[in-house]
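>>> structure for the following, please:
(one chain, ligands or ions: 1)
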Amino acid sequence: MASSMLSLGSTALLPREINKDKLKLGNSGSNPFLKAKSIGRVTMTVSVKPSRFEGITMAPPDPILGVSEAFKADTDDMKLNLGVGAYRTEELQPYVLNVVKKAENLMLERGDNKEYLPIEGLAAFNKATAELLFGAGHPVIKEQKVATIQGLSGTGSLRLAAALIERYFPGAKVVISSPTWGNHKNIFNDAKVPWSEYRYYDPKTIGLDFEGMIADIKEAPEGSFILLHGCAHNPTGIDPTPEQWVKIADVIQEKNHIPFFDVAYQGFASGSLDEDAASVRLFAERGMEFFVAQSYSKNLGLYAERIGAINVVCSSADAATRVKSQLKRIARPMYSNPPVHGARIVANVVGDATMFSEWKAEMEMMAGRIKTVRQKLYDSLVSKDKSGKDWSFILKQIGMFSFTGLNKAQSDNMTNKWHVYMTKDGRISLAGLSLAKCEYLADAIIDSYHNALLYWETPIEL
Ligand code: KET
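Presented below is the predicted three-dimensional model:
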């Protein structure tokens, strides 16, 4: 695209290079980028300069966040946004937790200031977040073996860890589940950390390919980072059983791998913060060294506050101190220091017994609403679909999502014909569904499943 500039005799409006050249109006000479035009008595000099950004092509929309943009542009009354994993009320409105409003009021009353935080974030937040993860009084905390720094939510925290891996474990691979949250691959690509995949989802059983998972983790080069979803695996909603977690820990330990947990849904899988941290705590009990990225987007509804943390569990307090110093060194040139608002909310809620129990009740309420729509969607599918297809996988999945198994063509039909917005890997966010819309969604799924394509193929990955 070429830029053009009009001058009506005032050189102040011209770009600097043109100004400098003291170009004569009405005479472009031999400069190929300048053209003179005469309109009546005013002579205009038009500079047609190729953009320096000519080589930059249009980026594709984000496979998850781009769905919300498309949803906004749709004017149909029946439209439904099941794309992004964001909790909505039964009225399909965003939900600000009461306990968050309470904590914010408290902050206003106290007149908290807006000074810069230290690079590692708010101390009270870092303490609270590690305690929520491991349990207050856990030996790794008491012995100061955890390096915790506040991050820009889950994504920013994962990105800090990726930068640490790139710097201190050159060439080491991160091995991620197939499929996974689409942004994992972007994060490691941008950090220049090589990655590969381990088998996770079996489309035949619509369940976990546990044998494949174990075999691939065994196969990975010794000392690889194994990325694990702490609970409520995204996008499949399929988690290993407690017994399977033990075997996963065994093989990771055998191969000297370093576990790397992404915990974005603590409290959202079961409704209990402790139950959802069981996988992480199992690894901590074994004295292993590992990473855990945390997010408060979902469980405290703080999506836009960008509040989370990266924790590195080390085998000594001394190692933790050094790791923390390097995480700070990575953060400083990236964003200097993190935002304070969300950190104060978390610290206030967790630090006050009444607010903490109110949070737990609201989290149970949110997790409960999702379970209720999951059940109603299943019931609607079973009563409407006469083909005999087994829809019970929907009830076996947990967390915010259901991985429907719909392929790209079927997902396109959901959107184009039914105005149901979802990611093209067949994932639907049940957090964006209401009881009132379950029957409509069931009709859309049944139509897309049976009519959009004649075969049920492996869903694509984002
Ligand atoms: N990990 C996982 C597994 C995850 O699903 C998300 C967000 C994040 C980390 C990061 O969230 P943050 O807000 O940076 O703390 N997932 C939803 C939103 C998104 O894609 O950004 C989603 O899958 O819809």
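
>>> shaky segments in the protein?
1-46, 453-462 (pLDDT under 70).

>>> contact residues of it facing the ligand?
64, 84-85, 153-155, 181, 183, 229, 234, 262, 264, 295, 297, 303, 308 (Cβ under 6 Å from any ligand atom). Placement of C-beta: from N, CA and C, glycine included.

>>> pull out the buried positions in the host helix or strand of K102.
In this structure, K102 is located in helix 98-110 according to DSSP states H and E. Buried residues in helix 98-110, counted by 16 or more other Cβ atoms under 10 Å: 99-100, 102-103, 106.

>>> as TSV, those with distance to K437 would be great.
Shown next, in TSV, are the buried residues of helix 98-110 (distance: Cβ to Cβ, whole Å):
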residue	distance to K437
V99	27
V100	26
K102	31
A103	32
L106	36
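
>>> which one of the residues you listed is nearest I445?
Of all the buried residues of helix 98-110, I445 sits closest to V100, with 33.6 Å by Cβ to Cβ.

>>> so who does that closest one touch?
Shown in contact with V100 (Cβ atoms under 8 Å, 6 or more residues apart in numbering): 300-302, 345, 349.

>>> okay, now the residue nearest to Y200 when sequence neighbours are not counted: neighbour count?
Residue nearest to Y200 in three dimensions, not counting chain neighbours: S177, with 3.8 Å by Cβ to Cβ, 6 or more residues apart in numbering. A count of neighbours around S177, defined by other Cβ atoms under 10 Å, yields 25.

>>> neighbouring strands - and their directions - for whichever helix or strand S177 is part of?
According to DSSP H and E, S177 maps onto strand 174-178. Looking at strand 174-178 with DSSP bridges, its partner strands are strand 195-199 (parallel), strand 225-229 (parallel).

>>> now find how far off-centre it is within its chain.
Mean-position distance between strand 174-178 and its chain equals 16 Å (Cα atoms, centre = their mean, to the nearest Å).

>>> got the strands paired with strand 174-178 as JSON lines, with mean neighbour count columns?
Supplementary listing: those in JSON lines, determined by neighbours: other Cβ atoms under 10 Å:
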{"stretch": "strand 195-199", "mean neighbour count": "18"}
{"stretch": "strand 225-229", "mean neighbour count": "26"}
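
>>> of those, which is nearest A320?
strand 225-229 (17.9 Å).

>>> my guess is A264 contacts H233, does it?
No - using Cβ atoms under 8 Å, A264 makes no contact with H233, being 10.3 Å away.

>>> what residue in the stretch 251-400 of the chain comes nearest to the ligand?
S295 (3.1 Å; Cβ to the nearest ligand atom).

>>> quick one: contacts of stretch 332-343?
107, 112, 114, 116-119, 121-122, 124-125, 150-152, 156, 159-160, 163, 296, 302, 305-307, 331.

>>> and it, what's buried?
So for stretch 332-343, counting by 16+ other Cβ under 10 Å, buried means 337-340, 342-343.

>>> that one spans what distance, first to last residue?
18 Å (Cα to Cα, to the nearest Å).

>>> try stretch 417-427
Stretch 417-427 end-to-end distance (Cα to Cα) = 17 Å.

>>> the stretch 51-200 of the chain: helices as residue ranges?
For the stretch 51-200 of the chain, applying DSSP state H, counting those that start in this stretch gives helices covering 65-73, 98-110, 123-134, 139-142, 153-168, 183-190.

>>> run the chain-centre distance for the fifth one.
So the one you mean is helix 153-168. On Cα atoms, centre = their mean, the centre of helix 153-168 falls 14 Å from that of its chain.

>>> same check on stretch 127-140?
So, by Cα atoms, centre = their mean, the centroid of stretch 127-140 is 23 Å from its chain's centroid.

>>> isn't I252 up against I226?
Yes - if you go by Cβ under 8 Å, I252 and I226 touch, sitting 5.6 Å apart.

>>> anything in contact with each of the two?
In contact with both I252 and I226: 217, 259, using Cβ under 8 Å, 6+ apart.

>>> report the buried residues of whichever strand or helix holds A343.
Element membership for A343 (DSSP H and E) is helix 341-351. Under the neighbour-count criterion of 16+ other Cβ under 10 Å, helix 341-351 has 342-350 buried.

>>> which residues in the stretch 201-350 of the chain form helices?
210-219, 242-254, 278-285, 317-335, 341-351.

>>> for those, which one ends up most surrounded?
helix 341-351 (a mean of 22; mean count of other Cβ atoms under 10 Å).

>>> coming back round to it: now, among the buried residues of helix 98-110, which is nearest to Q244?
V99 (33.9 Å).

>>> the residue nearest to Y200 contacts W195, correct?
No - between S177 and W195 there is no contact, the gap being 11.0 Å when judged by Cβ under 8 Å.

>>> now do the contacts for the residue positioned nearest the centre of the chain.
Here the mean C-alpha position of the chain is nearest to the C-alpha of T155 (Cα atoms, centre = their mean), at a distance of 5.7 Å. Applying Cβ under 8 Å, 6+ apart, we find T155 in contact with 183, 187, 295, 308.

>>> which residue sits closest to the first one, ignoring its sequence neighbours?
Spatial nearest neighbour of N183, chain neighbours left out: T155 (6.4 Å); criterion: Cβ to Cβ, 6+ apart.

>>> distance of the one you found from A331?
14 Å (Cβ to Cβ, to the nearest Å).

>>> next one: A277 from A269, what distance?
10 Å.

>>> which residues are in contact with both of those two?
Counting by Cβ under 8 Å, 6+ apart, the contacts common to A277 and A269 are C231.

>>> a markdown table for the helices of the stretch 51-200 of the chain, including distance to V312?
Output for those, formatted as a markdown table (distance: least, Cβ to Cβ, whole Å):
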| stretch | distance to V312 |
| --- | --- |
| helix 65-73 | 28 |
| helix 98-110 | 28 |
| helix 123-134 | 11 |
| helix 139-142 | 11 |
| helix 153-168 | 7 |
| helix 183-190 | 16 |
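
>>> closest one to E358 among these?
helix 98-110 (4.6 Å).

>>> just the CA trace of that closest one, in PDB.
Output in PDB follows, covering the C-alpha atoms of helix 98-110 (Å, rounded to 0.1, in the frame of the first residue of the first chain):
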ATOM      1  CA  ASN A  98     -19.300 -10.400  44.700                       C
ATOM      2  CA  VAL A  99     -16.200 -11.200  46.600                       C
ATOM      3  CA  VAL A 100     -14.200  -9.300  44.000                       C
ATOM      4  CA  LYS A 101     -16.400  -6.200  44.400                       C
ATOM      5  CA  LYS A 102     -16.000  -6.500  48.100                       C
ATOM      6  CA  ALA A 103     -12.200  -6.600  47.800                       C
ATOM      7  CA  GLU A 104     -12.200  -3.700  45.400                       C
ATOM      8  CA  ASN A 105     -14.400  -1.600  47.800                       C
ATOM      9  CA  LEU A 106     -11.900  -2.400  50.600                       C
ATOM     10  CA  MET A 107      -9.100  -1.100  48.400                       C
ATOM     11  CA  LEU A 108     -10.900   2.100  47.700                       C
ATOM     12  CA  GLU A 109     -11.700   2.600  51.400                       C
ATOM     13  CA  ARG A 110      -8.000   2.000  52.300                       C
END
